[in-house]
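Trainee: next input, structure requested:
(2 chains)
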Amino acid sequence: MDIYLPIAEISTNALWLLVLGAVAGFLSGLFGVGGGFILTPLLTFMGVPPTIAVGTQANQLAGTSLSGAIAQWRRHSIDLKMGTVLMLGSFVGTGVGVQIFSWLEQVGQVNLVIKFSYVLLLSVVGVIMFIESAPNLLKKAARIRKTSSKPREEPIMDERGVRMGWHATSSWGITFPESNLRLSATLPLGIGFVGGVLVGLLGIGGGFVMVPAMIYILHMPPSLVNGTSLFQIVFTTILATVLQAVSNQSVDLVLALILLLGSVVAVPFGTRLATRLKPEVARFLMSMIVLAVVFKLVYDLLVMPDQLFSVDMRKLI
Amino acid sequence: MKKLILILCFFLIAMPVQAGRKVVADLSDDFVAVSEGFSGARITVFGALRGASDIALVIEGPAADAHVRAKKKVLGVWVNGGATVLKDVPAFYAVATSRPIEEMVSKSMAKKYKLGTDEILPDTKEAKGFLAVKKEQNLYQYLPRGVRILEWKLFRVDIDLPANIPIGAYKAHIYEFINGHFFASRTSPLKVGQVGTGAQLNKMAHDEPALYAFFALVLALGIGAAAAYVFRKVS
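Mentor: Numbering: from 1, shown residues only, chains lettered A, B, ... in the order given. Reported below is the predicted structural model:
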């Protein structure tokens, strides 16, 4: 069943788009990430111009992440204050990301930069998750029942029992009661900024970078990480949608709605599976998917393409 | 069919023979409507020959500057090189003829009437690359013997416009050659445009981008919130 996308001005198969949306939604429910990192390359492969893929996904992610954030809200697993600080950093990052995107489009290197950024980000995240999850799995397989081999660092607490994080006592220091954490606001602002750049530049929610950063850098309680990440992604993708629509006219509503429909239906299935999977198994599977995407991207960069030429007849903005 | 032949005969008799003769032919459509389910369209041209003629049909449209980039290997990685601009080339070009072009007319005639992809593009490496990409996308077509000569000196041409046809204004040129000499021509406009909801969305996205973004967000957030409500027991 073919459908004509009015902004992309191409005709594609609607069923495939639904399947793509469903895959992204399933991963989103399973791992608490948007699944955009798989969607952008696949949409481009289907003939959607990268500009439209990136702009449209911001719109689609706004819907998907709202759906996820509401579910997390019901479970009280959102740190609103942390989410707001991350969001502020993310807003600035998104603006910068959209600007970089427009500039790259003019010099014709959008595809290369997008691929390179993916390779870099995904390999780092994939390898970290793999290293972190694989040994646990192996131990389990060998039935060596031991709690974590490394003794956990004892967190430093202040007199009220609030954990003291990075530069907690500086003038930027800020306390997050829900996470029971005090640290310098520059850290979540910075992480939010990086996430925002990814939203503007790559059209992904940035969850697959934010979630590990919140666990390993901010040391937030894991139960609050997914919800807080989704909460700020809702607002960041709303801003990204407006910026992309106004400055690049690159939001294809029809494409976004089809992806969204596939996605929201699949999210609960991912969530349900997530409750049955052990966390390290989930992270191990996630690292496998991430590394598979990296492998494909690296392969494309290194092997001589069938078609050496590319043509762009769209009017550059 | 009979009616068409009668009309054509009438034209044949009524047509004054003079310079600027017109080919007796017409397009099946002058507007290609790109709707939500658009998956390509077929343009048919019917006409009548005035003698032992050859017919060439050229459909071309919307002209723009093409930025052509060749990939090259830098540090083991394939990257886009700088862009070469091909000025004012059609985004779509199809030529159908009753015989292969070189059998029909001389090289200079082919050049003059822009018959053949070689005649509308410069002879450069980038232009060859451009042509290869366009052929892959079915946006540049050459159909030798695509013009079929029927009974009673009638001819018929079918050109398939692919689903990825660019929106815009096109022209259909029909040429009649006799013994390699120009005899008559006809140029008809052809428009490819979006219709229905898609057209309105496209217009809104460009004319009222802020309103469009608002609309897009209301829909996306609405679906997201509705899904959270529907699946509240599952998650």
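
Trainee: next, the buried residues of the helix or strand containing residue B:42.
Mentor: Applying DSSP states H and E as the criterion places residue B:42 in strand B:41-48. For strand B:41-48, a neighbour-count test (16 or more other Cβ atoms under 10 Å in any protein chain shown) marks B:41, B:43, B:45-48 as buried. For the C-beta atoms, the positions are set from N, CA and C on the backbone; glycine is no exception.

Trainee: that one - what's its average pLDDT?
Mentor: Across strand B:41-48, pLDDT averages out at 86.

Trainee: can you check stretch B:120-127 too?
Mentor: For stretch B:120-127, mean pLDDT rounds to 80.

Trainee: picking that back up, how about residues contacting the strand holding residue B:42?
Mentor: Around strand B:41-48, the neighbours that count as contacts under Cβ atoms under 8 Å, 6 or more residues apart in numbering or on different chains are B:4, B:8, B:11-12, B:23-29, B:32, B:55, B:57, B:59, B:152-161, B:165, B:172, B:174, B:190.

Trainee: selection in ChimeraX covering whichever of those residues are buried, please.
Mentor: Only the buried entries of these go into this ChimeraX selection, using 16+ other Cβ under 10 Å:
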select /B:8,23,24,25,26,27,32,55,57,59,153,154,155,156,157,159,161,165,172,174,190
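
Trainee: now, which of the contacts of strand B:41-48 lie within strands?
Mentor: Per DSSP state E, strands hold the following members of the contacts of strand B:41-48: B:24-27, B:32, B:55, B:57, B:59, B:154-161, B:172, B:174, B:190.

Trainee: per-residue confidence at residue B:19?
Mentor: Residue B:19 is assigned a pLDDT of 53 by the prediction.

Trainee: where exactly do the helices run in chain B?
Mentor: B:2-14, B:101-104, B:107-112, B:117-120, B:125-136, B:196-207, B:209-230 (DSSP state H).

Trainee: tell me what angle the strand holding residue B:42 forms with strand B:154-161.
Mentor: 160 degrees (axes from the mean of the first three to the mean of the last three Cα atoms, to 10 degrees).

Trainee: can you name the residue of chain B nearest chain A?
Mentor: residue B:129 (3.1 Å; Cβ to the nearest Cβ).

Trainee: thinking that residue is in contact with residue B:70, fair?
Mentor: Yes - contact criterion Cβ atoms under 8 Å: residue B:129 and residue B:70 qualify, at 6.1 Å.

Trainee: low-confidence regions, the stretch 51-200 of chain A specifically.
Mentor: A:108, A:111, A:136-137, A:139-173 (pLDDT under 70).

Trainee: what residues does it put near chain B?
Mentor: By Cβ under 8 Å from any Cβ of the partner chain, the residues of the stretch 51-200 of chain A that approach chain B are A:59-60, A:62-68, A:70-71, A:74, A:108-109, A:111-112.

Trainee: care to break chain B down by domain?
Mentor: Chain B breaks down by automatic domain parsing into domains covering B:2-192, B:195-235.

Trainee: residue A:124 is nearest to which of the ones you listed?
Mentor: Closest to residue A:124 of these is domain B:2-192 (Cβ to Cβ; 18.3 Å).

Trainee: please enumerate the strands of the stretch 101-250 of chain A.
Mentor: A:163-164, A:173-176, A:181-184 (DSSP state E, counting those that start in this stretch).

Trainee: quick check: beta-bridge partners of the most centrally placed residue in chain B?
Mentor: With distances taken as Cα atoms, centre = their mean, residue B:92 lies nearest the centre of chain B, 4.4 Å away. Beta-bridge partners recorded for residue B:92 (DSSP bridges): residue B:61.

Trainee: distance of it from residue B:32?
Mentor: Using Cβ to Cβ, to the nearest Å, one gets 11 Å for the distance from residue B:92 to residue B:32.

Trainee: neighbours around the residue of chain B closest to chain A, how many?
Mentor: Around residue B:129 there are 21 other residues, counting by other Cβ atoms under 10 Å in any protein chain shown.

Trainee: report the contact partners of it.
Mentor: Here residue B:129 is in contact with A:308-309, A:311, B:68, B:70 (Cβ under 8 Å, 6+ apart).

Trainee: neighbours around residue A:191, how many?
Mentor: By other Cβ under 10 Å, 22 other residues sit near residue A:191.

Trainee: wait, isn't it in contact with residue A:87?
Mentor: No - using Cβ under 8 Å, residue A:191 makes no contact with residue A:87, being 11.1 Å away.

Trainee: what about chain B, any weak spots by pLDDT?
Mentor: B:1-19, B:233-235.

Trainee: can we see that at 50?
Mentor: B:16-18, B:235 (pLDDT under 50).

Trainee: hmm, the helix or strand hosting residue A:298 touching chain B?
Mentor: Using DSSP H and E, the element containing residue A:298 is helix A:279-302. Yes - applying Cβ under 8 Å from any Cβ, one finds helix A:279-302 touching chain B at A:301-302.

Trainee: mind saving the C-alpha coords of the helix or strand following that helix as CSV?
Mentor: Proceeding N to C from helix A:279-302, the next assigned helix or strand is strand A:309-312, under DSSP H and E. These are the backbone C-alpha positions of strand A:309-312, laid out as CSV (Å, rounded to 0.1, in the frame of the first residue of the first chain):
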residue,chain,number,x,y,z
PHE,A,309,27.4,10.2,-7.5
SER,A,310,24.7,11.9,-5.5
VAL,A,311,22.4,14.6,-6.9
ASP,A,312,20.6,17.3,-5.0
